[in-house]
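> Structure here, sequence nowhere to be found:
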């Protein structure tokens, strides 16, 4: 169950059009399979890789517009000093089921992403400069394809199907990072997925 509170923010790595289209098709397939098995479909969201999550300005009286502006400028500065030679995102070739229980978002099926050194440095620099409370979870970059309440067997079945229909046919999914987005959420957890809102975008040269 989600809780309504002040806005929190996340920084997303946005997929290029071809990868986004492929992931959206896999996401729709996964939701259809869950629905046919009696579970709820996944709320709609933009496929992405979370770079930094749960950025909270608790105790900071500034309005949301100022927070978004600060986050945008922080990302720009960190990118300019960290990614001088760009950054290639290397995505695993097959989707996998979440192997242990669920988290607050009920994450079920995802594509894991190799944590490039440049990407980790970018994340560390942003966190160091941001001056705000952020998530404490270990950085495990991935593209989520389905959130919901499913046992492991159904998660695994969905992963097998989307692999056969989409990912095993598409070849290398790696791409050069081109855009980072600042995302606002006012309801935490699974209940807030459908309300994730991109409020700023930063182009990567």
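That came through, no problem. Everything quoted here is computed from the prediction, not taken from an experiment.
> in the helix or strand harbouring residue 32, what's buried?
Element membership for residue 32, per DSSP states H and E: helix 17-36. Neighbour-count burial for helix 17-36, counted by 16 or more other CB atoms under 10 Å, picks out 19, 20, 22, 23, 24, 26, 27, 29, 30, 31, 33, 34. Bear in mind the C-beta positions are built from the backbone N, C-alpha and C, glycine included.
> same thing with stretch 86-103?
Neighbour counts over stretch 86-103 (16+ other CB under 10 Å) mark 87, 89, 90, 91, 94, 95, 96, 97, 98 as buried.
> so the fourth one touches residue 171, yeah?
No - Residue 91 is not in contact with residue 171 according to CB atoms under 8 Å; the separation is 11.3 Å.
> rewinding a little: of all the buried residues of helix 17-36, which comes closest to residue 176?
Nearest to residue 176 among those: residue 19, at 10.9 Å, using CB to CB.
> Please report how far the residue of the chain most remote from its centre lies from residue 86.
For the chain, the largest distance from the centre (CA atoms, centre = their mean) belongs to residue 61, which lies 27.3 Å off. Counting by CB to CB, to the nearest Å, the separation of residue 61 from residue 86 is 38 Å.
> do the same with residue 133
For residue 133, the distance to residue 86 equals 30 Å [CB to CB].
> ranges for the strands of the protein?
Counting by DSSP state E, the chain has strands at residues 4-14, 48-56, 88-89, 96-97, 107-112, 142-147, 175-176, 179-187, 197-203.
> got any ranges where the protein has weak pLDDT?
1-5, 59, 100-105 (pLDDT under 70).
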